[in-house]
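S.K.: Just the structure for this:
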Amino acid sequence: MQAASGATVVVVAYRPKAGKEAELLELTREHVPLLRREGLATDRAVIAAQAADGTIVEAFEWAAGGVERAHSNPVVRKLWERYAAVCEIVPLNHLAESSTMFASFTPIDLG
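M.R.: Numbers count the residues shown, from 1 in each chain. This is a model prediction of the structure:
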């Protein structure tokens with residue numbers, strides 16, 4: 001369901017490939033600032049955290065129509081290629097933490 005503004009909050013889980021943890025962390029720091037520069041994400045605060053297995057969980061807000069426009073944006077497509085090289089995107093229910101009433105993760109400082 002989208003808000004009246006058309007913006008949507010998403011939560012995504014990135015499981016790093018072996019030996020790619022540092023690269024994934026760097027991409028996480030670059031991700032939303034890049035989307036914002038491209039006019040695709042809002043200024044809502046980003047939350048990033050880590051699951052016990054090393055998966056990075058990120059919550060951010062797409063601007064209205066942002067996700068659709070991202071698919072044809074060459075800057076974003078290059079970023080997504082970098083993600084594909086260092087991680088796999090997994091459903092949240094693949095994280096052990098999702099089996100509890102209050103899924104808890106270790107915070108990541110994006111600053």
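
S.K.: where exactly do the strands run in this protein?
M.R.: 8-16, 47-50, 56-62, 87-90, 106-107 (DSSP state E).

S.K.: so what strands line up beside the first one?
M.R.: If I follow you right, that is strand 8-16. Its sheet considered, strand 8-16 pairs with strand 56-62 (antiparallel), strand 87-90 (antiparallel) by DSSP bridges.

S.K.: show me what contacts residue 53?
M.R.: By C-beta atoms under 8 Å, 6 or more residues apart in numbering, residue 53 lies in contact with 15, 95, 96. C-betas here are computed from N, CA, C, even on glycine.

S.K.: Phi, psi for residue 46 please.
M.R.: Note on residue 46: backbone dihedrals following degrees, to the nearest 10 are phi -90, psi 140.

S.K.: Contacts only, for it.
M.R.: Residue 46 touches 32, 58, 59, 60, 110, counting by C-beta under 8 Å, 6+ apart.

S.K.: residues contacting the residue most central in space within the chain?
M.R.: For the chain, the residue sitting closest to the mean C-alpha position, by C-alpha atoms, centre = their mean, is residue 58 at 4.1 Å. By C-beta under 8 Å, 6+ apart, the residues touching residue 58 are 11, 12, 14, 28, 31, 32, 46, 47, 48.

S.K.: same question, residue 30
M.R.: Counting by C-beta under 8 Å, 6+ apart, residue 30 has contacts residue 79.

S.K.: Who are the contact partners of residue 20?
M.R.: 85, 86, 87.

S.K.: The first one: neighbouring residues, count only.
M.R.: This points to residue 85. 12 (other C-beta atoms under 10 Å).

S.K.: again, but for the second one
M.R.: When neighbours are counted by other C-beta under 10 Å, residue 86 registers 19.

S.K.: Please determine how far the closest residue to residue 98 other than its chain neighbours is located from residue 21.
M.R.: Leaving aside its sequence neighbours, residue 98 sits nearest to residue 92 (C-beta to C-beta, 6 or more residues apart in numbering; 5.2 Å). Counting by C-beta to C-beta, to the nearest Å, the gap from residue 92 to residue 21 is 19 Å.

S.K.: Before I go, just wanted to say thanks for your time.
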